[in-house]
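1. No letters, just coordinates:
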């Protein structure tokens, strides 16, 4: 499908079952209609042909004639869009990938870091950040210890700023996420520095021209550094601002100008709408194939490691009875193509059937978002932030630590912040947004000891509970402001990279030298020890997760909860192997001494992690157990043994044998 370079030209193929005629306009024929560029119907709804003289980088559009007249349309399969003219760009599928032996991690070993390409790091603000700006941060992210980058939607959308959920050109990466040719040399130098450090061949300048190749370069560098990359695909709806050259009424049937439009004639969409856009027509084999082709395209040509599928619940609900079996076809096809690629579904309310195998009637996805832990953590923190020193709903929190309704605990993706929740409201009517955890922990001062210590507990629960942990960009920096995709009008909401100070050493200087006092590595803003300490806490707890297999195992047991004492404890292990870990959390406002908790076995247990150490690192007044406790044969909490512990105020402790 689309434009594909072969021999001394290119083949063109498009799906327009109701068109009367289709031809190709482009640089190769001065965008004039010519008989030599006419495509022929194949009798199955497709038009195809070969045009000599087409070369890499040529721009083109289809000229489609239908019942409603004739006019240009962008190729739905275009690999790249020229954002100046909104023409399609002919691109080869080739790229100088580096063979590093990288393999997608086991799904239970995922630690996901969700980011928005335009807002994660924007050294050229008011321009948005780019794929190559994210590449600048890859060493930082590998040092943090996350294993997977989850990029918010990167397909072409209207305008310069968007969350990405209003895509219009599904095979083309977003034009504004690319660095233009004149600005490429510093980025090329940085990319080659990263490659050289790993003994890999450098890129040539041509290897980085255009958004298609720059996204591939980001993925290639991530793999070279040991990071997986998953994309957020929006298959439930598209658009919200379609133009006459878009997918909307692609084969130019009548009905687009009627009020309301005759959606049955729009080819790709039904009459259902969602989030300001149009729901795909899942009853159409051509539409289903288009979406499955799109996912396979990113697997095959971009070598991504899987996908997050946005609001699968909308596909199911608004698919006129064909949404669920579309999901099954999608999941089975992708699993056949690449079993190691994760298929992660968002479905609200959470539905365990979405991760059951298709042969049992499930949708067939691997994992799903959960919200029980997120809601419970926020409720506990909000209650803890009140002036009273009364009971907290620790028992309720304990009941939400594991998504036990899923047939494997690792299938639940757990997070307390994400792009939807902590987005800055667009207007006064946008009441669905929440504050970032630091402000929930202490609304009066998100940098206070109360905010810091409670936020450590909240993030610690994400990283030690069953399931796949997910962090949202800036969470490890104790970000206390909501975020915005519009970096031009809200530069104050950019992540505070300069606060890392010397910990920022893995980040290069602003590659273009442009002024950006709010978010770039060359800002003169002073470092912030609070940010450095919280980032260290997050980084070292992720490292502990790697050293303790029990934290990635399926074994889970809630050991103890006490609302009045504000304490909970749970046991993690690998079934059949052991690797026992006991996690103890206290949200009491003062230290507790001699607190006895049941342990799985008698004898010495190492205190392998204490969150209290990370306050004013190294905390000179740290409270804890000196690195070791002994469990006595005194039964408690369903175990045959127990130990007396010192519990620091607002803390998370880990014990292992």
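-> Thanks, I have the structure now. In this text the structure is predicted, and so the values were computed from the model without any measurement.
2. So which elements touch whichever strand or helix holds residue 581?
-> Assigned by DSSP states H and E, residue 581 falls within strand 578-586. Secondary-structure packing of strand 578-586 (3 or more C-beta pairs under 8 Å, 6 or more residues apart in numbering; DSSP states H and E): helix 449-464, strand 567-574, strand 592-599, strand 641-647, strand 651-656. Where C-beta positions appear, they are placed from N, C-alpha and C, glycine not excepted.
3. quick one: contacts of that strand?
-> By C-beta atoms under 8 Å, 6 or more residues apart in numbering, the residues outside strand 578-586 that reach it are 394, 457, 460-461, 464, 548-551, 553, 559, 565-573, 592, 595, 597, 599-601, 605, 645, 647-657.
4. show me where pLDDT drops low in the protein?
-> 502-525 (pLDDT under 70).
5. and with 50 instead?
-> 505-524 (pLDDT under 50).
6. Now list the buried members of the contacts of strand 578-586.
-> Buried positions within those, assessed by neighbour count (16 or more other C-beta atoms under 10 Å), are 394, 457, 460-461, 464, 548-551, 553, 559, 565-573, 592, 595, 597, 599-600, 605, 645, 647-657.
7. returning to what we had before: could I get the helices and strands packed on strand 578-586 as JSON lines with distance to residue 241?
-> Output for those, formatted as JSON lines (distance: least, C-beta to C-beta, whole Å):
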{"stretch": "helix 449-464", "distance to residue 241": "36"}
{"stretch": "strand 567-574", "distance to residue 241": "47"}
{"stretch": "strand 592-599", "distance to residue 241": "56"}
{"stretch": "strand 641-647", "distance to residue 241": "54"}
{"stretch": "strand 651-656", "distance to residue 241": "45"}
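8. nearest to residue 140, of these?
-> Of all the helices and strands packed on strand 578-586, helix 449-464 sits nearest to residue 140, with 17.4 Å by C-beta to C-beta.
9. And that closest one, what does it pack against?
-> Against helix 449-464 (3+ C-beta pairs under 8 Å, 6+ apart) you get helix 372-384, helix 437-441, strand 468-472, helix 529-547, strand 578-586, strand 651-656.
10. For the longest one, which helices and strands make contact with it?
-> To tie it back to what came earlier, the one meant is helix 529-547. In terms of contacts (3+ C-beta pairs under 8 Å, 6+ apart), helix 529-547 is packed against helix 138-144, helix 449-464, strand 603-610.
11. tell me the most buried of those?
-> helix 449-464 (a mean of 23; mean count of other C-beta atoms under 10 Å).
12. quick one on the thing from earlier: redo the helices and strands packed on helix 529-547 as JSON lines? Include distance to residue 500.
-> Below are these laid out as JSON lines (distance: least, C-beta to C-beta, whole Å):
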{"stretch": "helix 138-144", "distance to residue 500": "9"}
{"stretch": "helix 449-464", "distance to residue 500": "16"}
{"stretch": "strand 603-610", "distance to residue 500": "22"}
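13. between the ones you listed, which one is nearest to residue 541?
-> For residue 541, the closest of these is helix 449-464, at 5.2 Å, according to C-beta to C-beta.
14. Please give the centre-to-centre distance between the closest one and its chain.
-> Relative to its chain's centre, helix 449-464 lies at 22 Å (C-alpha atoms, centre = their mean, to the nearest Å).
15. Report the angle between that helix and strand 651-656.
-> Put simply, helix 449-464 runs at 30 degrees to strand 651-656, going by axes from the mean of the first three to the mean of the last three C-alpha atoms, to 10 degrees.
16. could you check the angle strand 468-472 makes with helix 449-464?
-> Going by the same axes, to 10 degrees, helix 449-464 makes 140 degrees with strand 468-472.
17. 16 is where my numbering starts, stick with that
-> I'll keep to 16 as the first residue from here, and by that count the last item is helix 464-479.
18. okay, the angle between helix 464-479 and strand 618-625?
-> For helix 464-479 against strand 618-625, the angle by the same axes, to 10 degrees is 120 degrees.
19. tilt between helix 464-479 and strand 582-589?
-> Going by the same axes, to 10 degrees, helix 464-479 makes 30 degrees with strand 582-589.
20. Strands along the stretch 166-315 of the chain, start to end?
-> 170-171, 184-188, 243-248, 252-253, 284-289, 292-295 (DSSP state E, counting those that start in this stretch).
21. on contacts alone, who are the packing partners of the last one?
-> It stands for strand 292-295. Using 3+ C-beta pairs under 8 Å, 6+ apart, strand 292-295 sits against strand 252-253, strand 284-289.
22. how about these in JSON lines, adding mean neighbour count?
-> Listed next are the helices and strands packed on strand 292-295 as JSON lines, based on neighbours: other C-beta atoms under 10 Å:
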{"stretch": "strand 252-253", "mean neighbour count": "26"}
{"stretch": "strand 284-289", "mean neighbour count": "19"}
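23. Make TSV from those strands and add distance to residue 87 to it.
-> Formatted as TSV, those follow (distance: least, C-beta to C-beta, whole Å):
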stretch	distance to residue 87
strand 252-253	19
strand 284-289	20
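24. Quick check: which of those strands is nearest to residue 354?
-> Closest to residue 354 of the helices and strands packed on strand 292-295, according to C-beta to C-beta: strand 252-253, at 28.2 Å.
25. neighbouring strands for the strand holding residue 596, and are they parallel or not?
-> strand 582-589 (antiparallel), strand 666-671 (antiparallel) (DSSP bridges).
26. In a markdown table: these, plus distance to residue 112.
-> As requested, those are exported to a markdown table (distance: least, C-beta to C-beta, whole Å):
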| stretch | distance to residue 112 |
| --- | --- |
| strand 582-589 | 35 |
| strand 666-671 | 39 |
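27. Indicate which one of these is closest to residue 637.
-> Minimum separation from residue 637 across the strands paired with strand 593-601 (C-beta to C-beta) falls at strand 666-671, 9.9 Å.
28. who touches the closest one?
-> The list of residues contacting strand 666-671 from outside it, by C-beta under 8 Å, 6+ apart, reads 468, 471-472, 475-476, 479, 559, 563, 565, 594-601, 614, 620-627, 638-640, 644, 660, 662.
29. again, but for stretch 461-472
-> Contacts for stretch 461-472 (C-beta under 8 Å, 6+ apart): 396, 399-400, 451-454, 456-457, 460, 493, 495, 545, 548-549, 552, 600, 602, 626-627, 629-630, 664-667.
30. Can you turn the buried part of the residues you listed into a ChimeraX selection?
-> Here is the ChimeraX command that selects the buried residues among the contacts of stretch 461-472 (16+ other C-beta under 10 Å):
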select :396,399,400,451,452,453,454,456,457,493,495,545,548,549,552,600,602,626,627,629,630,664,665,666,667
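31. That'll do, ta.
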